[in-house]
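A.B. asks: Sharing a model that was predicted from the sequence below.
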Amino acid sequence: MVTLPLHGTIKDLLIIAASIILVGCIRQIRKLKRSIAQEIHRRLLPQLSLEFISDKDNPQAGLHLKNESFFLAKEIRIEDVDLSLEDFGLKIEYILRFEPVDFLKPQERVKLKFGVFDRSGQPLAEITEKIIPHLVRASFRIVVRYSNIENLKFRVVFLKKRDKFFAERVEYSQ
């Protein structure tokens, strides 16, 4: 059985206090190292934005994805978008399916290619060509999944209000 001396010299008490402070400092250093690593990963996050051009006379009319950072974004996938439009008082529901984008270089912008489908999954080619002006008043969310050059995966949710998109949240995903 080990017994602890109840009374020690000042030297012993100083050694114990220094040991406790040392352990606390080591824990704090580990926390700071983790937060620095997370901050470095966040800085490597490609910043994507969505732009909507609704002028039907403009050949660039449509949805555009832009990489506004200095880092490459790759494996860009856009989830299907459930879309409800009101036309002459009738509520019509569609699904927008986007083609994947392999990569976006820094400051590069690409026009998104998509198709319009009905609820049963049937393609509606004639509506795809004419839907852009109808998207002006619609509010909807677009979820974009992508990764950076270190294969860290991210998910950003864009909310469309009027003719602008706002990044609602950006999450690190696995």
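C.D. replies: Perfect, thanks for sending it. Numbers count the residues shown, from 1 in each chain.

A.B. asks: contacts and neighbour counts: CA atoms only from here.
C.D. replies: OK.

A.B. asks: beta partners for the closest residue to G121 other than its chain neighbours?
C.D. replies: The shortest distance from G121 to any non-neighbouring residue, by CA to CA, 6 or more residues apart in numbering, is to I95 (8.0 Å). With DSSP bridges applied, I95 shows beta-bridge pairing to D82, F117.

A.B. asks: Same question for V143.
C.D. replies: Under DSSP bridges, the beta-bridge partners of V143 are V157.

A.B. asks: That one - how many residues pack around it?
C.D. replies: Burial of V143 is recorded as 18 neighbouring residues (other CA atoms under 10 Å).

A.B. asks: swap in K33?
C.D. replies: K33: 12 surrounding residues under other CA under 10 Å.

A.B. asks: Just after the helix or strand where it lies, pick out the following helix or strand.
C.D. replies: For K33, the host element (DSSP states H and E) is helix 10-43. Next along the chain after helix 10-43, taking DSSP H and E as the criterion, comes strand 48-53.

A.B. asks: any idea which helix or strand comes after that following strand?
C.D. replies: For strand 48-53, the following helix or strand on the C-terminal side (DSSP H and E) is strand 62-67.

A.B. asks: Can you list the strands that that following strand pairs with?
C.D. replies: Strand 62-67 sits in its sheet next to strand 48-53 (antiparallel), strand 109-111 (antiparallel), going by DSSP bridges.

A.B. asks: which other helices and strands contact the helix or strand following that strand?
C.D. replies: Per DSSP H and E, the first helix or strand lying C-terminal to strand 62-67 is strand 73-78. The contact analysis (3 or more CA pairs under 8 Å, 6 or more residues apart in numbering; DSSP states H and E) places strand 73-78 against strand 90-98, strand 101-104, strand 140-147.
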